[in-house]
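**Student:** Take this sequence and fold it.
(chains A and B)
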Number of protein chains: 2
Amino acid sequence: MNTHNRLTATMAAARIARGELTSEALVEACLERIEAREPDVAAWACLDPEHALRQARERDREAPRGPLHGIPVAFKDIIDTADLPTACGSPLYRGRQPVTDAACVARARAAGAVVLGKTVTTEFAGRYAGRTANPHDRRHSPGGSSSGSAAAVADGMVPLAIGSQTLGSVIRPAAYCGVRAYKPTFGLLSFVGVKHFAESFDTLGLMARSVEDLQAFRAALTGGRCGPAEGAGAPPRIALCRTPYWDEVSPRGRECLESAAARLADAGAAVTELTLPAGFAEIVPALWQAVRYEAADALLAERVAGERAISRTMRELLDEGAGIAQADHLRSLATLEAARREIGGLLEGVDIVLAPSAPGEAPEGLQDTGSPTYNALWHALELPAVNLPAGTGERDLPLGVQLVARRYDDDALLRHARWCEARLSPV
Amino acid sequence: MNTHNRLTATMAAARIARGELTSEALVEACLERIEAREPDVAAWACLDPEHALRQARERDREAPRGPLHGIPVAFKDIIDTADLPTACGSPLYRGRQPVTDAACVARARAAGAVVLGKTVTTEFAGRYAGRTANPHDRRHSPGGSSSGSAAAVADGMVPLAIGSQTLGSVIRPAAYCGVRAYKPTFGLLSFVGVKHFAESFDTLGLMARSVEDLQAFRAALTGGRCGPAEGAGAPPRIALCRTPYWDEVSPRGRECLESAAARLADAGAAVTELTLPAGFAEIVPALWQAVRYEAADALLAERVAGERAISRTMRELLDEGAGIAQADHLRSLATLEAARREIGGLLEGVDIVLAPSAPGEAPEGLQDTGSPTYNALWHALELPAVNLPAGTGERDLPLGVQLVARRYDDDALLRHARWCEARLSPV
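**Tutor:** Model (predicted):
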């Protein structure tokens, strides 16, 4: 058994480019790992090993297409792939074969990636859990809704995966599974060809085992149009934000955030504190209402067609959304917009916010995928975020911290994340 | 031959509800009109008369589902329908059968509508024209990209149709064909299940033969969650805006707008003038750049798969978009955002803006679908808009005026549009 599956994508791509590694050997190593571990982790919704190997051999025979040449990538199973079914975590879509690749899949292929397979999602990226377990302890949730994507990257099954976040579905599972993740500013990575849950809030998110990988992955998915990947640079100005939900953070979760702030300050970062205005407590309820309002449209066809084939959890959510008046929805949107304007001023003189990624480590049991609140707060503000592993909790499961930057400041966020990564969670 | 096809949707729905008309007779009348006129107009991308009649008979047998019970509706052929193919105006998708209805189709069905068929779109809702002709003079364009939707409603083939607008693809064809149209504030009608051209700017638009119909159609598509349809009310405060592109408006186009303002003032409206700040001239180029940036992602899979099957016009556009740096894209977004903030203040004390819908009547020939600039200006500001027919041009083809309201002021926009309609273009 080789260990190429443990390489970061950047390292593997460099070895492939130098002729020291083949895509085939890399994909084989990933498939071996999956074979060994999938019975315990259950990260994959759809996997076709022969198809993956065929793609790898093609990459090995041709000139390099781009920065991900020969690198296997996993896609959350709400993302359309022209060569593998896309079931959205629902029996309604079992075996559904899209005609076209989603935009992110087309971009990954154009950059040379191998589509390794589709990773488990909760039902339609909502709250009803899939089969996946936390690879660190299979009695615990991997988080949702990008459960399989986070678990597969954490477990060495694949170096890169794409998930999606509407409230907290990228940063949270990444924190629970102990991987790096990047959730971009709204609108910066195309959501075309991905199943919507709430159209105005659905955002792709990237998972990897180093921030450098996240930078390379992001560049590939923009077709090379984003800024160049930058190294760590000078120590950032950090605002420690305990959020209005600090009381619900576990003792080890609190320690983790405060110790991270202390370590970053010791290393030279200027750390201040940010207390959000009281009105910001309305943000998460407003987002939650807007999400339900939109979900009632986005999933109406499924609600009607699948009276018995969709979960009760989802039916209740959709029926609540169908009962919200547009005037109330507009009030939610106004609340969110006012907070987005206000946060700009609050972040003056700050490079990044440091905040909890989740209230603590992954919950026990596979039905409760954990609280999205800590992510929803920043997500509603349309800010880009990164999760970095930063410690372990009461049961020795991963804890993460969330780095948040200004809207559209994604280049800087990832640069600062590299600086923080080297102090908090070296590769 | 009956003439039920000439009824507005509201009238037809009332007669059906009172048992004076069957959905079957209404659909038959539409199908007869289509049979007679389709060879000249070519509005339909996909039509299955038997399937339409089957739906109508089912509606006639069951209790009323909602406000569109038994009413035939046409959908632009980029909108997924579970019972009819969706080809997006491209040979690449000929015969493609979606698994699920788009959100707007599911909503229309839940309100009792009959899916009459799919209407012609330009290729992927871009600039490459389809086969449709202007029903008023087949040597002239119906406008794009919602060509078939506008032509079908104008020609009495169907009372209601859905199109989409990214720059000017609802208001413009409606103006050229002489129908009422409503383009909502961004995000108020779900785009889920519709093929994207530029994700952040794609918006559904509704077409009908009365503003009352637009109100009823909108209410149905929100699942009854929007405000109630309101009658005309008091005379509105109107800002006449000639736009920075006034020089390009045809002489009859200018007369049309000014005479509309005069008629509305005579009827009691308070008419003032709005001159946009010079910086607003940057809005249309910024939107156009942002649209190309996003289209390069949205249609990458087609660009790669269809080297020979997509038009040269589209390939050039996608390649331009693929060459735009994200930093330049962000500058466009910042330009748009600054203008959106500024327009709020400019519209204080004003209920609606009155502006040209297009530079004049429909251009000759079917390849040039006309200029979207007059719509793109307001569209980029995320404002809702209505087209009302208001006169005829040099060749006796329809001219339209555009009514624009504040963001989220869609209820009021339609109420004011009813007031204006009664003075400019009585049903």
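**Student:** What is the neighbour count of the closest residue to chain B within the stretch 251-400 of chain A?
**Tutor:** Using Cβ to the nearest Cβ, residue A:297 is the residue of the stretch 251-400 of chain A that sits closest to chain B, at 3.7 Å. C-beta coordinates here come from the backbone N, C-alpha and C atoms, glycine included. Counted with other Cβ atoms under 10 Å in any protein chain shown, the neighbours of residue A:297 add up to 29.
**Student:** again with residue A:307
**Tutor:** Neighbours of residue A:307 (other Cβ under 10 Å): 9.
**Student:** What residues does the stretch 301-427 of chain A have near chain B?
**Tutor:** In this structure, the stretch 301-427 of chain A approaches chain B at residues A:301-302, A:304-305, A:322, A:324-327, A:329-330, A:333, A:408, judged by Cβ under 8 Å from any Cβ of the partner chain.
**Student:** Pull up the gap between residue A:95 and residue A:40, please.
**Tutor:** Plainly put, residue A:95 is 25 Å away from residue A:40 if you go by Cβ to Cβ, to the nearest Å.
**Student:** Are we agreed that residue A:388 is in a strand?
**Tutor:** Yes: counting by DSSP: H, G, I helix; E, B strand; the rest coil, residue A:388 is part of a strand.
**Student:** pretty sure it is in contact with residue A:403, am I right?
**Tutor:** Yes: with contact defined as Cβ atoms under 8 Å, residue A:388 and residue A:403 form a contacting pair (6.6 Å).
**Student:** now the stretch 151-300 of chain A, which segments are flagged as low pLDDT?
**Tutor:** Flagging of the stretch 151-300 of chain A using pLDDT under 70 yields an empty set of residue ranges.
**Student:** show me where it has strands.
**Tutor:** Assigned by DSSP state E, counting those that start in this stretch, the strands in the stretch 151-300 of chain A fall at A:160-165, A:180-183, A:203-208, A:237-240, A:270-273.
**Student:** Other residues contacting the fourth one?
**Tutor:** The one in question is strand A:237-240. A:257-258, A:261, A:264-265, A:269-274, A:347, A:349-355 (Cβ atoms under 8 Å, 6 or more residues apart in numbering or on different chains).
**Student:** can you give me the offset of that strand from its chain's centre?
**Tutor:** Averaging C-alpha positions (Cα atoms, centre = their mean, to the nearest Å) puts strand A:237-240 23 Å from its chain's average.
**Student:** in its sheet, what does it sit against?
**Tutor:** The strands that strand A:237-240 pairs with in its sheet are strand A:270-273 (parallel), strand A:352-356 (parallel) (by DSSP bridges).
**Student:** ranking those strands by burial, who's on top?
**Tutor:** Ranked by mean neighbour count, those are led by strand A:352-356 with a mean of 27 (mean count of other Cβ atoms under 10 Å in any protein chain shown).
**Student:** Next SSE downstream of that strand?
**Tutor:** helix A:373-380 (DSSP states H and E).
**Student:** Would you map the helices across the stretch 51-200 of chain A?
**Tutor:** For the stretch 51-200 of chain A, the helices defined by DSSP state H, counting those that start in this stretch cover A:103-110, A:147-154, A:171-177.
**Student:** just checking, what packs against the shortest one?
**Tutor:** Counting contacts by 3 or more Cβ pairs under 8 Å, 6 or more residues apart in numbering or on different chains; DSSP states H and E, helix A:171-177 is packed against helix A:147-154, strand A:180-183, strand A:203-208, helix A:373-380, strand A:385-392, strand A:398-404.
**Student:** Need the winner for burial among those.
**Tutor:** Among the helices and strands packed on helix A:171-177, helix A:147-154 has the highest mean neighbour count (mean count of other Cβ under 10 Å), at a mean of 33.
**Student:** and it, what does it pack onto?
**Tutor:** Contact analysis of helix A:147-154 by 3+ Cβ pairs under 8 Å, 6+ apart lists helix A:23-41, strand A:44-47, strand A:72-76, strand A:114-119, strand A:160-165, helix A:171-177, strand A:203-208 as its packing neighbours.
**Student:** now, of those, which is deepest in the fold?
**Tutor:** helix A:171-177 (a mean of 35).
**Student:** for that one, the distance to its chain's centre please.
**Tutor:** On Cα atoms, centre = their mean, the centre of helix A:171-177 falls 8 Å from that of its chain.
**Student:** can you check stretch A:131-139 too?
**Tutor:** Computed by Cα atoms, centre = their mean, the chain-centroid distance of stretch A:131-139 equals 17 Å.
**Student:** who's in contact with residue A:121?
**Tutor:** Contacts of residue A:121 by Cβ under 8 Å, 6+ apart are A:45, A:76, A:77, A:78, A:88, A:89, A:130, A:144, A:145, A:146, A:147, A:148.
**Student:** so what pLDDT did residue A:427 get?
**Tutor:** Looking at residue A:427, its pLDDT reads 57.
**Student:** Ends of stretch A:155-162, what's the gap?
**Tutor:** Length of stretch A:155-162, first residue to last, Cα to Cα, to the nearest Å: 15 Å.
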